[in-house]
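Q: need a structure here:
(one chain, ligands or ions: 2)
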Amino acid sequence: MNVNSSSTLLAVPTGPLQISDLPPINEGAIASDIFFSLVIPTYKERDNIHSVVQILTQTLNEYIPEDYELIVVDDDSPDLTWEVAQFLTKEYPQLRVMRRQGERGLSSAVIRGWQVARGQVLGVIDGDLQHPPEVLTQLLSQISQGADMAVASRHVDGGGVSSWSAIRRFLSRGAQLLGLIILPGVLGRVSDPMSGYFMVRRSSIAGATLNPVGYKILLEVIGRGNIQKIAEVGYVFCERKEGESKVTWKQYVEYIHHLIRLRLSTGRLKRINQLAANFPMGRFLRFGLVGLSGVFVDMAMLYLLSDPSTLGLPLTRSKIIAGEIAIFNNFLWNDAWTFADVSMRQQQWHQRLKRFLKFNVICLAGLMLNVLVLNVVFNFLIRNRYIANLIAIAIATVWNFWVNLKLSWRVTDVK
Ligand code: GDD
Ligand code: MN
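A: Ligands and ions are numbered 1, 2, ... in the order given. Below is the predicted model:
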């Protein structure tokens, strides 16, 4: 039985944020390594921490009794969360507590906790019960089945958010879209890159110097770790019981800073061949064929609507109607063929409507990108409108495919 050596606080590691490949031998520890270490970063969670520890203990005692530890890493909360947690160590022997008084921040707190962790698998969960503890057993089973990382996602089957405002939802999706553009090789590997609820094999990140900013620890781990297989488990992000979210605009600014820094510092070639290896070429070819059918539909409708020998409507109005009909045509084919494996699990009409609306918005944005690229290429690069148009169509098609793949056909069921 892992007995916590005493109810003293853990020493706070200093130096680079690097995870060792072997669990540290802790002073006085009886067993130096166990299977699973779960870090709980806390800031002003005094009213939540007891129930969090209690429920996590109950969940893990059933699944991996005596083979796990909980590590609370508190950033010197003014409500003395660390002191409440320290007191709990008497009742919960597998609980260890770290009080940081210098360094601050959610991401670095998680890594400092992982640096003192003894587990072969390192996890993180919020300390406010917004991440349902019961999902842990599904994540752990994914790791046992060979995944290097298991992420709790709000954007796969069974996922969702309960009480977020439209603004927070929009910001979260907007942040994800921005990430897909700046760092597709990282953000594109998971459906919920904003998740703060996941676990990873120690061996997959051992030796990597992590250098996170702000809240998005998952980006840093995927960006700098050596992670082959990622599994995802759907979960519903619950309402807070006590206290409030510490997310402010500052976290969003830090997020953009983090994206750019990761983009600049992770190996370009490594990213490109990882992206190529993960790129769903078969699906992309189907998407391209559907797009081609859309070109014929667009041309045929333009002829029927605007040609003097038919209806003879004004060109712009005809083009807009023809374009929209072509988008509808493409949606039907993509939903029934290109992404059939995903859409067949979300057949209700409101789910299809949500997919169609997202598809529409993304394709209209793609149309604008198409016009922009056509003008740039034709006016500054190649004075041949048809070659310029082909380049523009190719770029817009990759945009439409990639963003629809990540946003439209991963519909979130709001519970
Ligand atoms: N040690 C430490 N230091 N902990 C912190 C800090 C900090 O500076 N800031 C927040 N925390 C702790 C909180 O106490 C809570 O346990 C957890 O980190 C999440 O903080 P919240 O402020 O509740 O974030 P949220 O609920 O809005 O968003 C969370 O869930 C999202 C979805 O998984 C965060 O984990 C986001 O990163 C995540 O995207
Ligand atoms: Mn929270």
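
Q: neighbours of the one residue in the stretch 201-350 of the chain that gets nearest to ligand 2, how many?
A: Here the residue of the stretch 201-350 of the chain nearest ligand 2 is Ser245; by C-beta to the ion that distance is 5.0 Å. Any C-beta I mention is one placed from the backbone N, CA and C, and that applies to glycine too. Ser245: 12 surrounding residues under other C-beta atoms under 10 Å.

Q: secondary structure element for Phe359?
A: Using DSSP states H and E, Phe359 falls within helix 349-376.

Q: what residues sit buried inside the following helix or strand past that helix?
A: Note on helix 349-376: by DSSP H and E, the next helix or strand toward the C-terminus is helix 385-403. By neighbour count on 16 or more other C-beta atoms under 10 Å, the buried set for helix 385-403 is 388-389, 391-393, 395-397, 399-403.

Q: packing partners of helix 385-403?
A: helix 166-182, helix 281-306, helix 349-376 (3 or more C-beta pairs under 8 Å, 6 or more residues apart in numbering; DSSP states H and E).

Q: what comes up buried for the second one?
A: What it means is helix 281-306. Going by neighbour count (16+ other C-beta under 10 Å), the buried part of helix 281-306 is 283-284, 286-288, 290-291, 294, 297-298, 301-302, 305-306.

Q: my read: Asn329 touches Leu292, true?
A: No - assessed by C-beta atoms under 8 Å, Asn329 is found out of contact with Leu292, at 11.0 Å.

Q: pipe the helices and strands packed on helix 385-403 into CSV and attach distance to Gly159 and mean pLDDT per row.
A: Shown next, in CSV, are these (distance: least, C-beta to C-beta, whole Å; pLDDT from 0 to 100):
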stretch, distance to Gly159, mean pLDDT
helix 166-182, 12, 83
helix 281-306, 21, 91
helix 349-376, 13, 90
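
Q: ligand 1 is nearest to which of those?
A: Ligand 1 lies closest to helix 166-182 among the helices and strands packed on helix 385-403, at 7.4 Å (C-beta to the nearest ligand atom).

Q: give me the helices and strands touching that closest one, please.
A: Judged by 3+ C-beta pairs under 8 Å, 6+ apart, helix 166-182 is in contact with helix 184-187, helix 249-265, helix 385-403.

Q: can you redo the helices and strands packed on helix 385-403 as TSV with distance to Glu232?
A: Converted to TSV, these look like this (distance: least, C-beta to C-beta, whole Å):
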stretch	distance to Glu232
helix 166-182	14
helix 281-306	18
helix 349-376	18
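
Q: quick one: closest of the helices and strands packed on helix 166-182 to ligand 1.
A: Comparing these by C-beta to the nearest ligand atom, helix 249-265 comes nearest, at 7.7 Å.

Q: residues making contact with the closest one?
A: Residues outside helix 249-265 that contact it (C-beta atoms under 8 Å, 6 or more residues apart in numbering) are 171, 175, 178-179, 182-183, 186, 211-216, 219-220, 223-224.
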